[in-house]
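Peer 1: coordinates only, sequence not included:
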DNA sequence: GTTGCGTTTATTTTT
DNA sequence: TAAACGCAAC
């Protein structure tokens, strides 16, 4: 029996309203995941077949959390495993694995990441004889991505360059039998929209649909959800318009704003009781976001007391900011007996993290940096994965090209060019061209031989990897055969560097072994490759960071919470962020970002503002963020940083701080 | 290939 | 400031 007694009335209503469209406006810290999890359990209890339940979210982290909590709550692991709890993109993969042949792609399509995509954009540009100097391939890729997110085909593009590059890119992707992340939503939409039997299958399968973080959906995701849900209308979306911070990536806040208009008979429930932040913090957050236009008006409340005041620290420069934060952190940890993992330092731009890293390292405080270079983006890891992809499906042209001469085996640009020409003449795949060297008259005998032995190597291990379910073991043997480790040591004369890279490859192998171990017969190489494409953090060693301070961007912090939050650089220019030139900023979104940051804090919130900051090597005077204007003095404790290294004299410093205080005098007099 | 130098540019990035 | 990139020369 699902116990609903510890839910508040709104939460309970959200859980038990199972039929028809439902919009749950879940304020920050209002127990949204709890509602989703209870709702799933409630549906099961009402006898709904788990196969008919779908819950979608954006991140793997959110999905894992749902899975764990559902498993804890439902006393039937067999039932729970039949649920579809997935990210948008893995749902897309699921649909495509079943139905993509209708669109002329192979069932074992590859999923290309940004690096692969860029390579194909460049190739498309080359084919059109467009110099990649005149137009940034990155920018064109973004245009293509935006177009797909808006569900637009190449033909619909008004800009002729975008139209042609987009078309060429799509052709190249198809030639490789590959799709990109945007296609994982776009193509399922095409299938569901155009193929009645596809629609019938999936819409019939998922009869109770929940979407998490609905404010972040883009038009194609909206369409996917709509197509799945329009027949039965049992669509429950959960989100918070105040936390929409990904507009720049194509999410459309109007999806959540217009939901009641788009789905007739929508029931709207607001969850406004906050279980996370103490009173002062919550009030500040309420005041900051109240300024926002066109929002569902709501005011979060809490039963917990006022708690601590919000600390606003004024410092001279960013150096001092880092020092003061790290000092405060240290002090608080010991005074309040906290763990390192109770702390997080947040900032608007990744560049700000460096100073904090330095200071934390200096103090021997363990930290984890969220973001930064991703494991699967490292060159050596990409190379190793390209081998794996080649073994799985040599039609994956980019993968083959990546490793055909790595480590060096004497297949140089001339040979490649001649293979290219053969490929074009025959209209075959690149790998087929490699296999048919005997029919390629351009190739010298020596060239033929080197290519032949490459193909032999691949074919040998392809057979092995197909016949042995322990693909990790085969792959390990393969890497030894091509002497990748040996090559890495040769390639990098810096020994530490080489070691790091070897370690990364080992970590990849480790992950593979773990996967094979965990999934036994259920797993497969295909599934493993999907997994590493769709969950780039899968290989991260969580253990190592069990007890560390979290350094994270404000964007990255959404969905997290910490007893202690430091937000650095609460200044005009950083929050809101001013771009050096060109584009107009979305002030509303910047405000929401600030709101997201504030609402991460459970008990202590430290904001800091620096009077000067070096920007592009130039020292700049800074002024406090306009978002601070909404926080009245009674919620704040304003302090200048305790003395630390700084070139300016004490008098200068005090003068500056006092001028700052007069700047925000209105705040102090606001009580 | 790779090294080195001059040039350019400077958010946020769930998948 | 600094890192990332492109290009020329080895």
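Peer 2: Okay, I see it. Quick caveat, the model's predicted, so the values are computed rather than measured. Numbers count the residues shown, from 1 in each chain, chains lettered A, B, ... in the order given.

Peer 1: residues from the stretch 1-150 of chain A in reach of DNA strand C?
Peer 2: A:132-133 (C-beta under 7 Å from any atom of the strand). Heads up, the C-betas are built off the backbone N, CA and C, glycines and all.

Peer 1: can you give me the strands in the stretch 1-150 of chain A?
Peer 2: Taking DSSP state E, counting those that start in this stretch to define them, one finds strands in the stretch 1-150 of chain A at A:22-26, A:53-57, A:84-87, A:110-112.

Peer 1: now do the stretch 201-350 of chain A
Peer 2: A:208-211, A:235-239, A:267-271, A:310-315, A:343-347.

Peer 1: tell me if the first one is near DNA strand B.
Peer 2: When you say that, I think you mean strand A:208-211. No: looking at strand A:208-211 against DNA strand B by C-beta under 7 Å from any atom of the strand, there are no contacts, and the closest approach is 12.3 Å.

Peer 1: which residues are contacting that strand?
Peer 2: A:18, A:36, A:39-40, A:43, A:48, A:52-57, A:217, A:225, A:228-229, A:234-239 (C-beta atoms under 8 Å, 6 or more residues apart in numbering).

Peer 1: kindly report the same for the longest one.
Peer 2: Contact partners of strand A:310-315, identified using C-beta under 8 Å, 6+ apart, comprise A:280-281, A:284, A:321, A:324-325, A:328, A:570, A:604-611, A:628, A:631, A:635-641, A:657, A:660-661.

Peer 1: could you count how many residues lie near the closest residue to residue A:627 other than its chain neighbours?
Peer 2: Among residues not flanking residue A:627 along the chain, residue A:594 sits closest, at 4.6 Å (C-beta to C-beta, 6 or more residues apart in numbering). Residue A:594: 26 surrounding residues under other C-beta atoms under 10 Å.

Peer 1: list the contacts of stretch A:433-442.
Peer 2: With C-beta under 8 Å, 6+ apart, stretch A:433-442 has contacts from A:400, A:404, A:418-423, A:426, A:428, A:443, A:447-448, A:451-452, A:454-455.

Peer 1: next: stretch A:395-403.
Peer 2: Residues outside stretch A:395-403 that contact it (C-beta under 8 Å, 6+ apart) are A:106, A:110, A:112, A:116, A:119-120, A:175-178, A:382-383, A:385-387, A:389-390, A:394, A:416, A:429-431, A:434.

Peer 1: just the buried subset of the residues you listed, written out for ChimeraX, thanks.
Peer 2: Buried residues among the contacts of stretch A:395-403 (16 or more other C-beta atoms under 10 Å), as a ChimeraX selection:
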select /A:110,112,116,119,120,176,177,178,382,383,385,386,387,389,390,394,416,429,430,431,434
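
Peer 1: partner strands of the longest strand along chain A and their direction?
Peer 2: Longest strand in chain A by number of residues, with DSSP state E as the criterion: strand A:601-610. Here strand A:601-610 is paired, per DSSP bridges, with strand A:310-315 (parallel), strand A:562-567 (parallel).

Peer 1: most packed of those?
Peer 2: Comparing the strands paired with strand A:601-610 by mean neighbour count (mean count of other C-beta atoms under 10 Å), strand A:562-567 comes out on top with a mean of 24.

Peer 1: check contacts around the closest residue to residue A:513 other than its chain neighbours.
Peer 2: Excluding the flanking residues, the one nearest residue A:513 by C-beta to C-beta, 6+ apart is residue A:472, at 4.5 Å. Applying C-beta under 8 Å, 6+ apart, we find residue A:472 in contact with A:509, A:512-513, A:515-516.

Peer 1: what is the burial count for the residue found closest to residue A:333 once you drop the neighbours it is linked to in the chain?
Peer 2: Distance criterion C-beta to C-beta, 6+ apart; nearest residue to residue A:333, sequence neighbours excluded, is residue A:340 at 6.9 Å. Residue A:340: 18 surrounding residues under other C-beta under 10 Å.

Peer 1: residue A:340 is in contact with residue A:363, isn't it?
Peer 2: No: judged on C-beta atoms under 8 Å, residue A:340 makes no contact with residue A:363 at a distance of 10.8 Å.

Peer 1: please pick the buried ones from the contacts of strand A:310-315.
Peer 2: Neighbour-count burial (16+ other C-beta under 10 Å) applied to the contacts of strand A:310-315 gives A:280-281, A:284, A:321, A:324-325, A:328, A:570, A:604-611, A:628, A:631, A:635-636, A:638-641, A:657, A:660.

Peer 1: look up which residues are beta-bridged to the residue nearest to residue A:310 when sequence neighbours are not counted.
Peer 2: Nearest non-adjacent residue to residue A:310, counting by C-beta to C-beta, 6+ apart: residue A:605, 4.8 Å away. For residue A:605, the beta-bridge partners under DSSP bridges are residue A:565.

Peer 1: can you give me the strands in the stretch 401-550 of chain A?
Peer 2: Ranges of strands in the stretch 401-550 of chain A, per DSSP E, counting those that start in this stretch, are A:549-553.

Peer 1: residue of it nearest DNA strand C, please.
Peer 2: Closest residue of the stretch 401-550 of chain A to DNA strand C, C-beta to the nearest atom of the strand: residue A:413 (12.7 Å).

Peer 1: was I right to think residue A:11 contacts residue A:39?
Peer 2: No: Residue A:11 is beyond contact range of residue A:39, at 9.5 Å (criterion: C-beta under 8 Å).

Peer 1: mind checking which of these two has more residues around it?
Peer 2: For residue A:11 versus residue A:39, the count of surrounding residues by other C-beta under 10 Å is larger for residue A:39: 26 against 23.

Peer 1: can you pull the contacts of that one?
Peer 2: A:14-15, A:18, A:210, A:236.

Peer 1: how close does it sit to DNA strand C?
Peer 2: Distance, residue A:39 to DNA strand C, using C-beta to the nearest atom of the strand, to the nearest Å: 44 Å.

Peer 1: same deal with residue A:183?
Peer 2: The gap separating residue A:183 from DNA strand C is 24 Å, by C-beta to the nearest atom of the strand.

Peer 1: which stretches in the stretch 201-350 of chain A count as helices?
Peer 2: For the stretch 201-350 of chain A, the helices defined by DSSP state H, counting those that start in this stretch cover A:219-229, A:254-257, A:259-262, A:279-290, A:318-335.

Peer 1: buried set for the last one?
Peer 2: By neighbour count, and taking 16+ other C-beta under 10 Å as the criterion, the buried residues in helix A:318-335 are A:318-326, A:328-329, A:332-333.

Peer 1: quick revisit: burial measure for the residue of the stretch 401-550 of chain A closest to DNA strand C, as a count.
Peer 2: 8.

Peer 1: and the one 10 residues further on, by the same measure?
Peer 2: Look at residue A:423: counted by other C-beta under 10 Å, it has 20 neighbours.

Peer 1: same thing with the one 5 residues further on?
Peer 2: Neighbourhood size, residue A:428 [other C-beta under 10 Å]: 15.

Peer 1: ok, it - contacts?
Peer 2: Going by C-beta under 8 Å, 6+ apart, residue A:428 touches A:422, A:436.

Peer 1: swap in the one 3 residues further on?
Peer 2: By C-beta under 8 Å, 6+ apart, the residues touching residue A:431 are A:394-395, A:397, A:400, A:455.

Peer 1: narrow these to those in strands?
Peer 2: Those of the contacts of residue A:431 lying in strands (DSSP E): none at all.

Peer 1: in JSON lines, list those along with distance to residue A:579.
Peer 2: Shown next, in JSON lines, are the contacts of residue A:431 (distance: C-beta to C-beta, whole Å):
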{"residue": "A:394", "distance to residue A:579": "44"}
{"residue": "A:395", "distance to residue A:579": "42"}
{"residue": "A:397", "distance to residue A:579": "37"}
{"residue": "A:400", "distance to residue A:579": "40"}
{"residue": "A:455", "distance to residue A:579": "50"}
